[in-house]
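Undergrad: A structural model of the following input is requested.
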Amino acid sequence: MDLANDRLDQAGTLRALRGNFSQGMNVADGARKAAGVVSVTSGKGGVGKTAVCANIAVSLARTGKKILIIDADLGLANLDVVFGLTPKYNLNHFFSGEKELEELVVEGPEGIQILPAGSGVQSVTHLSNSQKMRFMEAIEAFHGLFDLVLIDTEAGISENVTYFNVAAQEILVVTTPEPTSITDAYALMKLLSTQYHEKRFNLVVNSVSDESEALEVYRKLTMVANRYLDISIDYLGCAPFDKRMRESVSRQKVMVELYPNTRIAGSFEAMAQNLMGVLEHAKPKGTTQFFWKRLLSLG
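TA: Numbering: from 1, shown residues only. Okay, the predicted model is just below:
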């Protein structure tokens, strides 16, 4: 198969996952609204992506939202560490065929449900198309059970990163004011735009001295994007640098739990509310679920 056809085939696989989430299902208390699906991603490691994801999740769970987090850093998972969990099984067991998806779910703080990933298994960092389709089929069991699904991707621009980002309804890019972090965030958005036709991104700027620094990062990215890419970037918020973040990691509790009345906790709560506002008003990307399922069934 040539490169163009292979890329088209992969894009269809990715969007089939998005379609599954978007349909929703009937549950005991009647038909629930389909969950919003948001990927939390970054072009560079070490920008606090997982911390942003975890704090937003806890902030929303406290408002009564039902949250599922998928740890999609399949080779170097750390979401379970952030929450102080020791899951017996993880997504590696699913992709190897040993366990079903529903057997992996563990409960975190505030009733958050987590699909944990594993560490140190290189084979799962390159999922086959059959593994992606099996994941797509299995995730249907979660239809209608959650208000929001957060996908904590690995950093960078690997095939798994693009897979989970294109599968999401909204893409949340985390960066810092560091020049290399800004450059890598732009590179990620450029790849998703030019190769996978993603047009909508949300930005969080972490570890800032004040909001003016975050807005300057946003200005730089939007200026370059407006010149070279056909995309929109929405500013979701920023989190101030806080040396207690290291303590949060070592104590395996998120900042909104440890220091609920601080500036940084308030910033994560504001991001959470802004994110729900984005999901409420955003137009769906559209789905090719039924087309791809039919195509696959026909061989």
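Undergrad: so what's the residue nearest the centre of the chain bridging to?
TA: With distances taken as C-alpha atoms, centre = their mean, the chain has Ser39 as the residue nearest its mean C-alpha position (2.1 Å). Bridge pairing for Ser39 (DSSP bridges) gives the partners Ile151, Ile171.
Undergrad: mind checking how far Leu236 is from Gly277?
TA: Leu236 sits 9 Å away from Gly277, going by C-beta to C-beta, to the nearest Å. Bear in mind the C-beta positions are built from the backbone N, C-alpha and C, glycine included.
Undergrad: Based on its surroundings, how many neighbours for Ala168?
TA: A count of nearby residues for Ala168, using other C-beta atoms under 10 Å, gives 26.
Undergrad: so who does the nearest residue to it once chain neighbours are set aside touch?
TA: Spatial nearest neighbour of Ala168, chain neighbours left out: Ser39 (3.8 Å); criterion: C-beta to C-beta, 6 or more residues apart in numbering. By C-beta atoms under 8 Å, 6 or more residues apart in numbering, Ser39 lies in contact with Ala72, Leu150, Ile151, Thr153, Phe164, Asn165, Ala167, Ala168, Glu170, Ile171, Leu172.
Undergrad: which one of those residues sits closest to Asn226?
TA: Taking C-beta to C-beta as the measure, Ile171 is the one of the contacts of Ser39 closest to Asn226, at 17.7 Å.
Undergrad: The closest one contacts Thr41, doesn't it?
TA: Yes. Ile171 lies in contact with Thr41 (C-beta atoms under 8 Å); the separation is 6.4 Å.
Undergrad: So the two - more neighbours on which side?
TA: Thr41 (29 against 22).
Undergrad: Is Ile157 within a helix or a strand, and which one?
TA: Per DSSP states H and E: Ile157 is located in neither a helix nor a strand.
Undergrad: do you know how far it is from Val173?
TA: For Ile157 relative to Val173 (C-beta to C-beta), the value is 12 Å.
Undergrad: Which of these two has more residues huddled nearby?
TA: Neighbours were counted for Ile157 and for Val173 using other C-beta under 10 Å; Val173 has more, 26 against 17.
Undergrad: picking that back up, now list whatever residues contact both of Ile171 and Thr41.
TA: Contact criterion C-beta under 8 Å, 6+ apart; residues shared by Ile171 and Thr41: Asn165.
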